[in-house]
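Peer 1: would you be able to build a 3D model of this:
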Amino acid sequence: MRKTAAYLTIMVLLSAVTITMVQAHCQIPCGIYDDQMRIHMMEEHVTTIEKSMKQIEAGQSQNQTVRWVNNKEKHADELTEIVTYYFLAQRIKPDMDHYEENLKVLHQIIVYSMKAKQTTDLANVEKLKGLLHELEHTYFGEKHQH
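Peer 2: Alright, predicted model coming up:
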């Protein structure tokens, strides 16, 4: 019983430290923005989610399956963090062109990221890929070259 309580305490503390570290950089007004890099990072997270889903469905040992599930969830969370702490908190402004469209797309990315965590349905990955393409279009405009 003591081991379980100690383990849970350690896990809560590690989670708090990790969350603080992830949020800290994005909430400092450093002025360092690379929007296209963030889009590429989001694409990599979606690709990793897709690979994880395929590996889970391939039927591996229980240990490997748990690792792929954890990997899928980690990348879905990282995708959501980019949307929330980078785009919504810092880059999307009410006076910018296509403000509402950007908000809708970013919200949908969060929703489908959550659905990707809940299932191994590759339709959620395809939806995320389409939403990232749509985000590029609405955020950068039609003239943007990938």
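Peer 1: quick one: least confident helix or strand in this structure?
Peer 2: Least confident helix or strand, the chain: helix 2-26 with a mean of 51, by mean pLDDT, DSSP states H and E.
Peer 1: so which elements touch the helix or strand just after that helix?
Peer 2: The C-terminal neighbour of helix 2-26 among helices and strands, as given by DSSP states H and E, is helix 35-57. Applying 3 or more Cβ pairs under 8 Å, 6 or more residues apart in numbering; DSSP states H and E, one finds that helix 35-57 contacts helix 62-81, helix 99-118, helix 122-140. The way it works is simple: take the backbone N, C-alpha and C, and place the C-beta from them, glycine included.
Peer 1: quick one: the last one to helix 99-118, angle?
Peer 2: With axes from the mean of the first three to the mean of the last three Cα atoms, to 10 degrees as the basis, helix 122-140 and helix 99-118 are set at 160 degrees to each other.
Peer 1: check which helices and strands helix 122-140 sits against.
Peer 2: Applying 3+ Cβ pairs under 8 Å, 6+ apart, we find helix 122-140 packed against helix 35-57, helix 99-118.
Peer 1: redo the ones you listed as a markdown table? Include mean pLDDT.
Peer 2: Converted to a markdown table, those look like this (pLDDT from 0 to 100):
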| stretch | mean pLDDT |
| --- | --- |
| helix 35-57 | 96 |
| helix 99-118 | 97 |
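Peer 1: who wins for proximity to Y86 among these?
Peer 2: Counting by Cβ to Cβ, Y86 lies closest to helix 35-57 out of those; the figure is 5.5 Å.
Peer 1: correct me, but V105 touches L128?
Peer 2: No: counting by Cβ atoms under 8 Å, V105 stays clear of L128, with 10.9 Å between them.
Peer 1: those two: which is more packed in?
Peer 2: L128 (26 against 23; other Cβ atoms under 10 Å).
Peer 1: contacting residues around that one?
Peer 2: If you count contacts by Cβ atoms under 8 Å, 6 or more residues apart in numbering, L128 has them with 46, 49, 79, 109, 112-113, 116.
Peer 1: if we use 6 Å, what do you get?
Peer 2: Residues in contact with L128 (Cβ atoms under 6 Å, 6 or more residues apart in numbering) are 46, 112.
Peer 1: same question, E43
Peer 2: For E43, counting by Cβ under 6 Å, 6+ apart, the contacting residues are L132.
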